[in-house]
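Peer 1: The following comprises the amino acid sequence and a computationally predicted model.
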Amino acid sequence: MVMTLIQVGLGGAIGSVLRFGIGLAVARFASVSFPLAILPVNVLGSFLMGLVMVYTFQRDLTYLNPFLMTGILGGFTTFSAFSLEAFTLYEQGEVAQAILYVLASVILSILGLALGVWLARTVWA
């Protein structure tokens, strides 16, 4: 268990640094008001999550998943894990649950952020 935690931590550090670097590069070259820095990270991370998931399961390399999927890709973007869960529900024929999961995740996450902002501004203002 300790080795798994170390794998996740090391992978997470790598993924976070990659996300930060791509965010800086995109922000440097993009001169639009649309938040472009995270969009390509989310799309690329989700794409890579799909590749890694199939590759590691087909090649019996699932022992790499804590480092690759949870660590690197989770540190790169948690959106990739969200995408995997939503797609898995859809693929299992649970279309209504997949839609509910997507809507609930997006809406509740934005509401959670808004609540945190409101609370912080109220307490620390």
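Peer 2: That came through fine.
Peer 1: The helix or strand hosting residue 115 - contacts with which helices or strands?
Peer 2: Assigned by DSSP states H and E, residue 115 belongs to helix 95-124. Secondary-structure packing of helix 95-124 (3 or more CB pairs under 8 Å, 6 or more residues apart in numbering; DSSP states H and E): helix 79-91. C-beta: built from backbone N, CA, C; applies to glycine.
Peer 1: Show me what counts as buried in the helix it packs on.
Peer 2: Using 16 or more other CB atoms under 10 Å as the test for burial, helix 79-91 gives 79, 80, 81, 82, 83, 84, 86, 89, 90.
Peer 1: Dump that helix to CSV, keeping only the CA atoms.
Peer 2: The C-alpha trace of helix 79-91 is given here as CSV (Å, rounded to 0.1, in the frame of the first residue of the first chain):
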residue,chain,number,x,y,z
PHE,A,79,-11.3,15.7,-15.8
SER,A,80,-9.8,12.6,-17.3
ALA,A,81,-11.1,10.5,-14.4
PHE,A,82,-14.4,12.2,-14.6
SER,A,83,-14.6,11.4,-18.3
LEU,A,84,-13.7,7.8,-17.7
GLU,A,85,-16.4,7.4,-15.1
ALA,A,86,-19.1,9.0,-17.3
PHE,A,87,-18.0,7.0,-20.3
THR,A,88,-18.0,3.7,-18.3
LEU,A,89,-21.6,4.4,-17.2
TYR,A,90,-22.6,5.1,-20.8
GLU,A,91,-20.8,2.0,-22.1
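Peer 1: Just send the buried residues of helix 79-91 back as JSON lines, with distance to residue 53 and pLDDT too.
Peer 2: Compiled in JSON lines, the buried residues of helix 79-91 are given as follows (distance: CB to CB, whole Å; pLDDT from 0 to 100):
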{"residue": "79", "distance to residue 53": "15", "pLDDT": "87"}
{"residue": "80", "distance to residue 53": "10", "pLDDT": "84"}
{"residue": "81", "distance to residue 53": "11", "pLDDT": "87"}
{"residue": "82", "distance to residue 53": "14", "pLDDT": "91"}
{"residue": "83", "distance to residue 53": "10", "pLDDT": "92"}
{"residue": "84", "distance to residue 53": "7", "pLDDT": "90"}
{"residue": "86", "distance to residue 53": "13", "pLDDT": "94"}
{"residue": "89", "distance to residue 53": "14", "pLDDT": "96"}
{"residue": "90", "distance to residue 53": "14", "pLDDT": "97"}
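Peer 1: Brilliant, that's me finished.
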